[in-house]
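*Asks:* got a sequence here, can you model it:
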Amino acid sequence: MRANRGKDTAPELALRRLLHASGLRYRVDARPVPQVRRRADLVFPGVRVAVFVDGCFWHGCPEHYRPATRNAEFWQEKIEGNRSRDRETNEIFRAAGWSVIRVWEHEAPETAAELVSREVRARRSGSRSSPSLVKGDGR
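*Replies:* Residues are numbered from 1 along each chain as shown. Next up, the predicted model:
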């Protein structure tokens, strides 16, 4: 499975391109909370926004995930473990005062960029200072 990228995937690059073009600056593949061993795909440290672009297979997208036919039990446990870790990561970051945005790889990059831009700008203006979980595509 080494051919599966952990970062710099096509959906991430498309989102980064749009956010950069709109004037937003961010850190890539960074730890929002240094003492926690979890990394976000994009991090806006000044406003405490962490963005994750989740792959449909690896994170069990309800719309596109299809269970593996070979070694099904292993893969079911693996995907459930990933989803559980995602929920735990959301809780940890929110408890530390971060807004967490999760978008699926199948979402339109323009839609995801608008969601991220809105949250970053809202936090910059102070209209949203409490931690939140912002989900794209009905997630």
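*Asks:* which residues touch the closest residue to residue 57 other than its chain neighbours?
*Replies:* Sequence neighbours aside, residue 65 is the residue nearest to residue 57 in space, at 6.2 Å (criterion: C-beta to C-beta, 6 or more residues apart in numbering). Where C-beta positions appear, they are placed from N, C-alpha and C, glycine not excepted. Contacts for residue 65 (C-beta atoms under 8 Å, 6 or more residues apart in numbering) come out as 56-57, 79.
*Asks:* among those residues, find me the one that's closest to residue 36.
*Replies:* Of all the contacts of residue 65, residue 79 has the smallest distance to residue 36: 22.4 Å, by C-beta to C-beta.
*Asks:* helix or strand for the closest one, which one?
*Replies:* helix 72-95 (DSSP states H and E).
*Asks:* how about residues contacting the helix or strand just after that helix?
*Replies:* Downstream of helix 72-95, the first helix or strand assigned by DSSP H and E is strand 99-104. Contacts with strand 99-104, where a contact means C-beta under 8 Å, 6+ apart, come from 15, 40, 47-54, 56, 59, 61, 63-64, 86, 89-90, 93-94, 111-112, 115-116, 119, 123, 128, 131-137, 139.
*Asks:* all set now, cheers.
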